[in-house]
Every structure is written in C-alpha cells, then in structure tokens.
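Q: Need coordinates for the following:
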Amino acid sequence: MSVNITLIRHGKTAGNLRGAYIGKTDEPLCPEGKEALVALLQQKLYPTSEGMILLSSPLRRCLETAELLFPGVSVQVVPDFRETDFGDFEGKSYQDLNGNEVYQKWIDSGGKDGFPGGETPQQFQQRCVRAFSEQIKSLPDNSHVVIVCHGGTIMAILDAFSDPHRDFYNWQVKNGCGYTGCYDPESGLIRDITPIREQEEH
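A: Numbering: from 1, shown residues only. Next up is the predicted model:
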C-alpha cells in the first residue's frame with residue numbers, strides 16, 4: 001500500500017519577478033504568473049483532479065495556484081505549509097540588501113543562520129516536516145494527495161523524506177513546477193521521485 005504524492009510550487013508573484021525574499025508576505029499571483037501556469041497546464045504536466053486530495057499553504061499565491069490548476073476541487077488549508085518567515089529580509093531583493101553587513105553575515109553562513117527577526121532554517125524545516133507527517137497519517141491507502149505550497153516547503157519535505165536521499169538545496173524548483181513520488185508507509189519515505197518541469201521548446 002502507498003500514497004501518491006504531488007508537490008507543486010505556486011506560480012510567480014510580483015516579488016518573485018524582482019527576486020525578493022517573499023515568505024509571510026501574502027502576495028497574489030501576478031499576471032505573468034497566471035499566464036505561465038496556464039501554459040504549463042496546457043502541457044498536461046499536472047495530475048488529473050479525479051479523486052485527488054488537494055492540500056495548500058494558507059497564502060494567497062498558493063490558493064490561487066490550486067484554484068487555477070484544479071478548478072472545482074475542494075482545498076484543505078494546512079497552515080504550517082507556509083513559506084519561511086524571512087524576518088528583516090522580507091520583501092527585499094539581493095540588490096536591496098547588497099552591502100548590508102547583517103545580510104553578508106547570513107550569506108557567509110551558507111544560509112545556515114536564522115533570518116534576523118524571522119525563523120531559523122531548523123524551525124522552518126521542522127514545522128514543514130511535522131505538518132507533512134500529520135497529514136500523511138490521515139490519508140487512506142492508494143490515495144493521491146496534491147500539495148500546492150512553496151519552494152522552501154517542497155525542499156524541506158523532500159530533504160526529510162526522499163529515498164534515495166538528496167539534501168535540501170538539491171530540491172529547488174521553478175514556479176509552477178515540482179515533483180511526483182510514492183510515499184511508502186512502512187519506510188516513511190517518498191520513492192520514485194520524478195520532476196514536474198516545463199517542456200523544452202525545440
């Protein structure tokens with residue numbers, strides 16, 4: 001027995017377009033983000049909605065993505081699937097923060113230090129993993145769950161549950177893309193992980 005898992009990163013927002021740290025900021029999808037999702041939808045990259053269980057981060061960009069990709073499907077909001085709280089860096093881009101000593105110290109840590117005024121990587125990853133574990137326990141065997149969330153949330157889940165294991169930063173995905181896999185309740189791991197990505201134009 002197993003559970004099919006699909007993890008999808010939300011479409012682009014205005015903050016994404018300018019390369020800003022957008023965590024708790026509740027931005028909607030921008031017009032370009034919606035257009036890109038429609039284009040991906042036309043490539044038939046996503047699972048059909050029949051019989052799926054649809055979960056989402058509570059943030060607007062994820063709920064709008066879920067509605068656009070899976071119209072008419074009831075969405076269950078999971079609060080702890082929200083993105084990292086970037087604290088003092090929230091809403092700012094690399095260009096905005098360039099020359100900031102606190103930001104440079106964070107960069108020098110390899111991203112391992114906590115965000116000033118926000119979450120630590122450990123706090124963020126632990127809540128994402130805990131939320132996923134709680135949700136997966138309640139799912140019936142052979143069900144298909146689709147989770148629309150954030151790039152960081154996907155990275156945290158797959159860092160904890162992937163088999164074979166790959167570290168956090170190896171699971172980065174573009175907006176609208178993600179992964180499919182199969183969760184094995186016996187091992188507690190996600191196997192047969194396959195990327196969902198935009199098809200190359202020739």
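
Q: Centre-most residue in the chain?
A: What sits nearest the mean C-alpha location of the chain, by CA atoms, centre = their mean, is H150, with 2.6 Å.

Q: sec struct for C182, please.
A: Under DSSP: H, G, I helix; E, B strand; the rest coil, C182 falls in the strand class.

Q: Please work out how many residues are found near it.
A: 15 (other CB atoms under 10 Å). Every residue, glycine included, has its C-beta placed from N, CA and C.

Q: rewinding a little: and the residue nearest to the centre of the chain, how close does it get to Q125?
A: Separation of H150 from Q125 (CB to CB, to the nearest Å): 12 Å.

Q: try F161
A: Between F161 and Q125 the computed distance is 12 Å (CB to CB).

Q: Surely the residue nearest to the centre of the chain and R9 touch.
A: Yes - using CB atoms under 8 Å, H150 is in contact with R9, at 6.4 Å.

Q: Please point out which parts of stretch 66-84 sit buried.
A: For stretch 66-84, a neighbour-count test (16 or more other CB atoms under 10 Å) marks A66, E67, L68, L69, F70, V75, V78, D80, F81, R82, E83, T84 as buried.

Q: Could you tell me whether the third one really is in a strand?
A: No - under the criterion used here (three-state DSSP), L68 is helix, not part of a strand.

Q: List the residues that contact it.
A: Residues in contact with L68 (CB atoms under 8 Å, 6 or more residues apart in numbering) are G11, L29, K34, L37, V38, L41.

Q: what's the nearest residue to the fourth one if we skip its chain neighbours?
A: In other words, L37. Of all residues not flanking L37 in the chain, G11 sits nearest, at 4.4 Å (CB to CB, 6 or more residues apart in numbering).

Q: Low-confidence regions, the protein specifically.
A: Applying pLDDT under 70 to the chain flags residues 1, 199-202.
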